[in-house]
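Chemist: attaching a predicted model along with its sequence, questions to come.
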Amino acid sequence: MGTELAKAVVDGVLTGGVYALMAAGLTLIFGVMEIINIAQGVLVVLGAYLSYTLQVHAGIDPFVGLLITIPVMFVLGMVIEWGFIRRLAPRDRTALSILATFAVAVIVEGVLTQAYSADLRTLSAWYVDRSIHVFGFYLPYIYLFGFALAVVLLAALYLFVYRTRTGYSIRASMQNRAGAQLIGIDIDRVSAITFGIGAAATAAGGTVYGATNTFNPDSGYDLISRLLVIVVLGGLGSIGGALVAAILALVIEDVTAVLWSPVWSSTMFFAVLVVVLLVRPTGLFGQQAVRAQ
Amino acid sequence: MNPALVRRSVIVLALLCAIGFPFVFRNPATTSIAFFTVLYMGAASAWNLFSGYTGYMALGNAVFYGSGAYFIANVTNHLDLSGGIGIFLWVPVAGLFSGIVAIPVGWLALRTRRHTFVVITIAIFFIFQLLAYNLQSVTNGSAGMQLPLPPWIAATYNDYFYFAALIAAVLAVVVSWTVRRSHFGLQLLAIRDDEDRARGLGVRTGRVKLAAFVLSGVLTGMCGAIYAYYLGSVYPPFAFEAIFDLTVALMAFLGGLGTVSGPVIGALLLEPLQQYLTQQFTAAGLSLILFGALFLVVIGFLPQGIVPSAEALSRRVKAARSR
Amino acid sequence: MTALLDVRGVTKSFGGLRALDDCSFAVEEGSIAGLIGPNGSGKTTMFNVVTGYERADAGSVVLAGNEITNAPPGRTCGLGVGRTFQLTRVFPRLTLLENLQVGRAGVPKAKRRELYSDARCTELLGFVGLADMARVQAGTLSYGQRKLVELATVLAQEPRVVLLDEPAGGINPLLITQIGERIRELNRRGVTFLVVEHNMEFVMGLCDVVWVMEHGTVIAHGEPGQVRRDPRVLDAYLGGALDEDDQEEPGERKEATR
């Protein structure tokens, strides 16, 4: 039981890292643009399919393929922002964005269904089925690689947001949208880049997700529900919060599977959010701030 | 022409058409579409009652739809009822059950601010879907539950359900209209415009929102029960369906969020279209693409919805004419 | 005359910043009191504490002998404290009539119908000159008109004391005069007022008594004429000309130019 429990915790941390990366994109988008990108889940699935195509048709290893999929998804994100999000009326923006991104998600799901059918797929590579034997238990390589990728990308994201000029613009826009515009920040450009980053994160997440799960176009729903839970749990707009929340939620889910039953582990994942919100309605690291309406 | 008289005549006429519809169009394929259209009129009005009036986007109403469905499934099974009109009497009870479910759900969800609220309704939806899969003793898990088969002939089978749905829809619309004209409705709309100020003026925002939420739950639950009976069986992914909320939201949106006739018009336009698309384009992917694209077009060009846009247009016409 | 609103020793800090420091004042029933002071002296915070939008760390707020300290805004409203805001807020998608009728909730059922009837509310709108727009959406109104609507909304609840937060702010002189007249008319009918304002001409011409705040506490009070000449007040404003500059200019001392 002890080792199983330890393994569950480790698994939770490792997968949590990957979810944190995808959730970071989502929370960043909310923080800067005040919109909830429902399409984030299906974009992960799209990322998985892109990796799959590169692997099956061009023999490119999924991780190597990231060199292609990340830029592609980044551009796609910017296109989505420019094409659909930017045109939303400023009033009721958040509500409209939910519907609009939900519509985009449905469209992407439709495209994927047409292109790939509803068959379940998965990514395969030497590291997908093998594990490293360490400290008495087996850690699948893919989890380790995925976690490492997540750490690297999150670090890169951190550096970008806190050390570059564009990152500065992003942070300024998060604090005060109107104020940022007044000091000359091109909010359209910032929004496009932010959305692009959010989508790029899904490319990375998609590769790992695709390697550790079987997926089909329908998988987007489960994913977005989890990402939303993580983002709200961590506090909307807080990247650090998303990281903590992702690891916390996934560890609890995996531990529940061991301690109670795998049947209830998914339910626990969502229940954690409910419990936390009972105590802290703004999430773990959310601000109490009432945004001026 | 007196506008109130015109409006009343239109309503009476519409009702007469609705009642007479299955007698004129006897084809079961057509009445099936009609059934779903009317059912969604009710569900969309119920959704609008809370989300449209308060501005809080609830994307978890499927919770009530499914609760109503499972309630009626359980009742018919445990009481060993046989199919027939009598089962419809349990629909309002199913609605009340959903309303009771709505109390803790609403209390929990409404503790949060608007953005968080949306997410928590989604999370609660997934919890319920998972519960449906896992609470085997109550829901029979993924094997689903069966409802008794009514003894009606194929030619008129749909008609009974159509009328049941029509009653539910009319009820939903009447409730929406009554609320809209009441002080309760005024408080909801004030909350939509400026919740803090409403609270400052003495509105008990917590109670008011919860009341609307529960009311919405009751009506949605009734629709879910009718739906379950129509299908004859209840399964987790159909009772708790992710697209349901998106669909009713789009309908209310298209017609006009926060108006009484908006959801009805939205359902009238969209449901037949959706049914048509799923029948014509068996390629599931294509119908999704079209649906999503339609959604975006509606949001882009008619952000206010049909009814408010029409009203604004008629105001402009009147203003131009009076010059 | 008894004090309708009695505020004693209110202290309120925001983190390290002490916004209110043992602040006390009283408003006599039937009077129009003014609350003035340089920017940052704590006037709006004081309003917020009195109406329950902020909690006081210490001190008490008593209305007609009843303690209402830290009662939530919905309750203070129901107890007879009306309040307008610096940044005028209306319910944009509701009609003017509906704007006035929202607050109906806090009132016992018996009084409700009569108090918030269309007739009475239209009359109130007429009082501020907007009766013919009763069924227009509030969002289409100009800023000045919204101010009037906000005033009417507060009046609809038949308050005993009305706190006005910069009623003359952001509107043209003609409207300012109108509002001043409305306030005087209401006062004649028995409504008590406490007005925060930067427009000195407005305050001096309208108020029976003026309280001056600085750094979260009251430094002077009395009749407008008195207060205007009080050296402590001149010091606080440090610009001398009380009808203009509120900005503190360190090190400078001017004679009152009047």
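Modeler: Received, thanks.

Chemist: contacts only, for residue 202.
Modeler: In the absence of a named chain, this looks at chain A. A:22, A:25, A:40, A:43-44, A:46-47, A:73 (Cβ atoms under 8 Å, 6 or more residues apart in numbering or on different chains). Placement of C-beta: from N, CA and C, glycine included.

Chemist: actually chain C
Modeler: Contacts of C:F202 by Cβ under 8 Å, 6+ apart are C:168, C:176, C:180.

Chemist: follow-up on the earlier one: out of the contacts of A:T202, who's nearest A:T214?
Modeler: The shortest approach to A:T214 among the contacts of A:T202 belongs to A:V44, at 13.9 Å (Cβ to Cβ).

Chemist: most surrounded residue in the contacts of A:T202?
Modeler: A:G25 (34 neighbours; other Cβ atoms under 10 Å in any protein chain shown).

Chemist: tell me the buried residues in the lengthiest helix in chain B?
Modeler: Using DSSP state H, we find that the single longest helix of chain B is helix B:205-231. Along helix B:205-231, these residues count as buried under the neighbour rule (16 or more other Cβ atoms under 10 Å in any protein chain shown): B:205, B:208-231.

Chemist: touching chain A at all, that helix?
Modeler: No. Using Cβ under 8 Å from any Cβ of the partner chain, helix B:205-231 never reaches chain A; the gap is at least 12.6 Å.

Chemist: now do the phi/psi pair for B:G305.
Modeler: The phi/psi pair for B:G305 (degrees, to the nearest 10) reads phi 100, psi 160.

Chemist: scratch that, C:L35
Modeler: phi -130, psi 110.

Chemist: spit out the contact partners of the nearest residue to it once chain neighbours are set aside.
Modeler: Counting by Cβ to Cβ, 6 or more residues apart in numbering or on different chains, C:L35 lies nearest to C:V196, which is 4.8 Å off, once chain neighbours are set aside. In this structure, C:V196 makes contact with C:34-36, C:43-44, C:47, C:163-166, judged by Cβ under 8 Å, 6+ apart.

Chemist: what about the strands in the chain?
Modeler: I'll assume chain A. A:131-134, A:137-140 (DSSP state E).

Chemist: sorry, should have said chain C
Modeler: C:3-14, C:17-28, C:32-36, C:58-63, C:66-67, C:81-83, C:161-165, C:192-196, C:209-214, C:217-222.

Chemist: not counting residues beside it along the chain, what's closest to C:S24?
Modeler: Going by Cβ to Cβ, 6+ apart, C:S24 has C:R8 as its nearest residue, at 4.9 Å.

Chemist: ok so, going back, drop anything exposed from the contacts of C:V196.
Modeler: C:34-36, C:43-44, C:47, C:163-166.

Chemist: quick check, nearest of the residues you listed to chain A?
Modeler: C:T44 (15.2 Å; Cβ to the nearest Cβ).

Chemist: that closest one: what's it in contact with?
Modeler: Per Cβ under 8 Å, 6+ apart, neighbours of C:T44: C:86, C:165, C:196.

Chemist: please redo it, this time with the cut-off set to 10 Å
Modeler: Listed by Cβ atoms under 10 Å, 6 or more residues apart in numbering or on different chains, the contact partners of C:T44 are C:19, C:35, C:53-54, C:85-86, C:165-166, C:196.

Chemist: state the pLDDT value of residue 256.
Modeler: Using chain A. Note on A:T256: pLDDT of 88.

Chemist: wrong one, I was asking about chain C
Modeler: Taking C:A256 on its own, its pLDDT is 41.

Chemist: and the strands in chain B, which stretches?
Modeler: Taking DSSP E to define them, one finds strands in chain B at B:145-146, B:233-234.

Chemist: pLDDT of the last one, averaged?
Modeler: Translated: strand B:233-234. Mean per-residue pLDDT for strand B:233-234: 90.
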